[in-house]
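Colleague: got a structure for you, letters missing:
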C-alpha cells in the first residue's frame, strides 16, 4: 500500500543520487512474505510512477535484493527506510547488498505505516480521528 511515508523515503533517496529506480515486487512475492497485497502490482506500479522523485519503475523485483538486480539496472546502491524488512523465514531482505556495502538507509516517516493505515481502515468507525 503506497502512502506519503513511502513518498518521503523516495524524496530522501533522490537526495542521495542522480536517479531513483524503484523495484516493485510481484503480488506472488508479497503474498509469500507479507500476506495478500492491498493493491495489485499494476496498481502499485501506477502509484509509484506518479511520485515526482521516481525516475523509473521496474516490476518483478525480488523480495531479497541481490547484487545482480542492482547491476542489471545500473544501480550503485539500494535505499530503504530504517525499518528492517524480513522474509517469511526471518532473513533481512537487504543482507546481500548490505554485506557488499551497496545499501543506504533513510529515516522512515514517524507515525505512518502501512500496518497502521490498514488497521485504521479495518476499524470502520467514524470517530477514530478523535
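Modeller: Perfect, thanks for sending it. Everything numeric here is computed off the predicted structure, so don't read it as measured data.

Colleague: Please point out which parts of the helix or strand of the chain with the lowest mean pLDDT sit buried.
Modeller: Comparing helices and strands within the chain by mean pLDDT, DSSP states H and E singles out helix 114-123 as the least confident, with a mean of 74. By neighbour count on 16 or more other CB atoms under 10 Å, the buried set for helix 114-123 is empty. Placement of C-beta: from N, CA and C, glycine included.

Colleague: What's the end-to-end length of stretch 29-44?
Modeller: The first residue of stretch 29-44 is 14 Å away from its last residue (CA to CA, to the nearest Å).

Colleague: Name the residues of that stretch that are buried.
Modeller: In terms of neighbour count (16+ other CB under 10 Å), stretch 29-44 has its buried residues at 29-30, 33-34, 37, 41, 44.

Colleague: In strands only, show me those.
Modeller: In strands, judged by DSSP state E, none of those are found.

Colleague: CSV for these, including pLDDT and distance to residue 21?
Modeller: Conversion of these to CSV gives the following (pLDDT from 0 to 100; distance: CB to CB, whole Å):
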residue, pLDDT, distance to residue 21
29, 94, 17
30, 93, 19
33, 92, 21
34, 88, 22
37, 90, 20
41, 95, 16
44, 95, 15
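
Colleague: Helices of this protein, residue ranges please.
Modeller: Counting by DSSP state H, the chain has helices at residues 4-14, 27-33, 41-49, 67-72, 95-99, 114-123.

Colleague: Which of the ones you listed sits closest to residue 56?
Modeller: helix 41-49 (8.8 Å; CB to CB).

Colleague: Name the nearest residue to residue 98, ignoring sequence neighbours.
Modeller: On the basis of CB to CB, 6 or more residues apart in numbering, the spatially nearest residue to residue 98 that is not a chain neighbour turns out to be residue 92, at 7.2 Å.

Colleague: Can you give me every residue that contacts that neighbour?
Modeller: Each residue near residue 92 by CB atoms under 8 Å, 6 or more residues apart in numbering is listed here: 84-86, 98.
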